[in-house]
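Novice: Next input, structure requested:
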Amino acid sequence: MKTEIIAVGSELLTPDFRDTNSLFLTAGLNGIGIGVSFKTVVGDGERDLARALRTAMGRSRLVLCMGGLGPTEDDRTRETLAKVLGRKLVFREAIRRRIRDRFRRRGLAMSPSNLKQCYVIEGSEVLDNPNGTAPGLWLETGRHRIALLPGPPREIRPMFERQVLPRLASGRPGATTLRRVLRLTGLGESAMESRIRAFYRAVPPEVTVTTLAAPGDLSVRLSLAAPGDRAGAEAALDGLEADLVEALGPWIYSRDGRSLEEVVGGLLAGSGRTIACAESCTGGLIAHRLTDVPGSSSYFLESAVVYGNAAKTKRLGVPPALIERHGAVSAAVARAMALGIRRTSGADLGLAVTGIAGPGGGTPRKPVGLVYIALAGLRGVAVRRNLFFGGRADVKFQSSQRALDMVRKSLSRRPGKAL
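Specialist: Numbers count the residues shown, from 1 in each chain. Okay, here's the model as predicted:
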């Protein structure tokens, strides 16, 4: 059964909005053994939407359409699908009462524009929406199963989990798609490919292998549909994962899909160590990533964004003569920054970054992308010179990634060997 997800909304065709709902729906479908063959993003125009719906129904048996169920003039999904199917729209008084009561509980009067949400496609089932005014719809035409779902995440997600997935899961006992996600850093995409070239030849056809690459972050994903023999499928993935770990072990930071900041947070919490950061070219990005992890207050003490030379001296005690002699972007200054933030914060680990993010500011001797990272601990200071490529955002992210990986590797060493 081919499955298609249609995301409706002209805003999704701009650089300002991301379609995250389709990722959520895909994960839920995969969890009951249903793969997604197509994803479509279409604007609010009726002609374009009708064309997208006809195309989806021509190639897919299951269609999940999200968005365009609101009360405004450009919300046309319900009406357009009714025309495509050749069905009438039927007014439901029960929906009107529910929307009216929802407004009353908030001390508001129901707007006349909400009346359009009270019409449903003839022959459809209403999917209740306790988190908003737009009800969802479920239709079965004999050949197709179609769900119309609201767009806001707080509305679509509970509706999908509680009302759509149970309908799809019935008759699919034990069906699921198993996944493994290995995440890496410090290795280029081509270098990774060369190391796992032989691995590809050993992968059975029922296992899907995908790789994703971004500056400073790679992932290898394995998926296997397991309609019945879950134990056998798990064993098959265990063997493939072990082969990947053998080939890529030094660069793997996560085998369960966790981000690098989550892994580092777990190591800090588990070791009882604390950390503080002194950031120049990353502008607080490392601190943001570390504090994005729930529970980070148990190990993250503080961060100092010491962008200018005077701040490095005043906040961290970096000698002006050291900056004058070596330059702000140097191993010596990175080392002094790490020691300074560790001393002033009282943290077990002091992490420092200084570099040239670009696009300007580089020289032949110190080009754009040159970044020094230092980690100070009880056993001394480690300093690494790095040369990153890409735009300003790429350099900043890669710097934060390499810095966090330095912490990971330090905390992953044998007891007594970590900084």
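Novice: So which elements touch the host helix or strand of Ala50?
Specialist: Ala50 belongs to helix 46-59 when assigned by DSSP states H and E. When contacts are defined as 3 or more C-beta pairs under 8 Å, 6 or more residues apart in numbering; DSSP states H and E, helix 46-59 packs onto strand 3-8, strand 38-42, strand 62-66, helix 77-85. To be clear about C-beta, it is placed using only N, CA and C from the backbone, and glycine gets the same treatment.
Novice: okay if I get these as CSV plus mean pLDDT, mean neighbour count and distance to Ser259?
Specialist: Converted to CSV, the helices and strands packed on helix 46-59 look like this (pLDDT from 0 to 100; neighbours: other C-beta atoms under 10 Å; distance: least, C-beta to C-beta, whole Å):
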stretch, mean pLDDT, mean neighbour count, distance to Ser259
strand 3-8, 97, 24, 25
strand 38-42, 97, 17, 24
strand 62-66, 98, 25, 26
helix 77-85, 97, 20, 35
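Novice: With respect to Val207, which of those lies nearest?
Specialist: Nearest to Val207 among the helices and strands packed on helix 46-59 is strand 3-8; the distance by C-beta to C-beta comes to 19.8 Å.
Novice: quick check: angle from that closest one to strand 38-42?
Specialist: Between strand 3-8 and strand 38-42, the angle comes out at 10 degrees (axes from the mean of the first three to the mean of the last three C-alpha atoms, to 10 degrees).
Novice: Give the rounded mean pLDDT of the helix or strand that strand 3-8 is followed by.
Specialist: Remark: after strand 3-8, the chain's next helix or strand is helix 21-31, criterion DSSP H and E. The average pLDDT for helix 21-31 rounds to 90.
Novice: ok so, going back, want to throw the helices and strands packed on helix 46-59 into a markdown table with distance to Ala50?
Specialist: Output for the helices and strands packed on helix 46-59, formatted as a markdown table (distance: least, C-beta to C-beta, whole Å):
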| stretch | distance to Ala50 |
| --- | --- |
| strand 3-8 | 11 |
| strand 38-42 | 10 |
| strand 62-66 | 12 |
| helix 77-85 | 5 |
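Novice: where in the stretch 201-350 of the chain is pLDDT low?
Specialist: Residues of the stretch 201-350 of the chain that meet the criterion pLDDT under 70 lie in 226-228.
Novice: all helices for it, in order.
Specialist: Secondary structure of the stretch 201-350 of the chain (DSSP state H, counting those that start in this stretch): helices located at 230-248, 260-271, 285-291, 309-316, 320-326, 331-345.
Novice: So which bits of the fourth one are buried?
Specialist: In other words, helix 309-316. Neighbour-count burial for helix 309-316, with 16 or more other C-beta atoms under 10 Å as criterion, is recorded at 309, 312-313, 315-316.
Novice: Out of those residues, flag the one nearest to Leu85.
Specialist: Distance to Leu85, by C-beta to C-beta, is smallest for Arg315 among the buried residues of helix 309-316, at 65.9 Å.
Novice: these two touch, right, the closest one and Thr344?
Specialist: Yes - Arg315 lies in contact with Thr344 (C-beta atoms under 8 Å); the separation is 7.4 Å.
Novice: between the longest helix seen in the chain and helix 260-271, what angle do the directions make?
Specialist: Longest helix of the chain, by residue count under DSSP state H: helix 392-412. Using the same axes, to 10 degrees, the inter-axis angle of helix 392-412 relative to helix 260-271 is 20 degrees.
Novice: Could you list every helix and strand in contact with helix 392-412?
Specialist: Counting contacts by 3+ C-beta pairs under 8 Å, 6+ apart, helix 392-412 is packed against helix 260-271, helix 285-291, strand 349-355, strand 370-377, strand 380-387.
Novice: what about those, which gets the closest to Leu115?
Specialist: helix 285-291 (44.9 Å).
Novice: Identify all contacting residues around the closest one.
Specialist: Contact with helix 285-291 is made by 259-261, 264-265, 275, 277, 279, 296, 300, 303, 351, 353, 396-397, 399-400, 403-404, as judged by C-beta atoms under 8 Å, 6 or more residues apart in numbering.
Novice: May I see the buried residues of it?
Specialist: The neighbour-count check on helix 285-291 (16+ other C-beta under 10 Å) flags 285-287, 289-290 as buried.
Novice: can I get these in TSV with distance to Thr177?
Specialist: Below are the buried residues of helix 285-291 laid out as TSV (distance: C-beta to C-beta, whole Å):
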residue	distance to Thr177
Leu285	34
Ile286	35
Ala287	37
Arg289	30
Leu290	32
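Novice: from those residues, which is closest to Asn30?
Specialist: Nearest to Asn30 among the buried residues of helix 285-291 is Arg289, at 27.5 Å by C-beta to C-beta.
Novice: one step back: could I have the buried ones of the contacts of helix 285-291 as PyMOL selection syntax?
Specialist: Only the buried entries of those go into this PyMOL selection, using 16+ other C-beta under 10 Å:
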select buried, resi 259+260+261+264+265+275+277+279+296+300+303+351+353+396+397+399+400+403+404
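Novice: Neighbours of Ser298, how many?
Specialist: Counted with other C-beta atoms under 10 Å, residues neighbouring Ser298 total 10.
Novice: what sits against it?
Specialist: Ser298 makes contact with Ala269, according to C-beta under 8 Å, 6+ apart.
Novice: Relative to Pro15, how far out is it?
Specialist: Distance check for Ser298 against Pro15: by C-beta to C-beta, to the nearest Å, it reads 37 Å.
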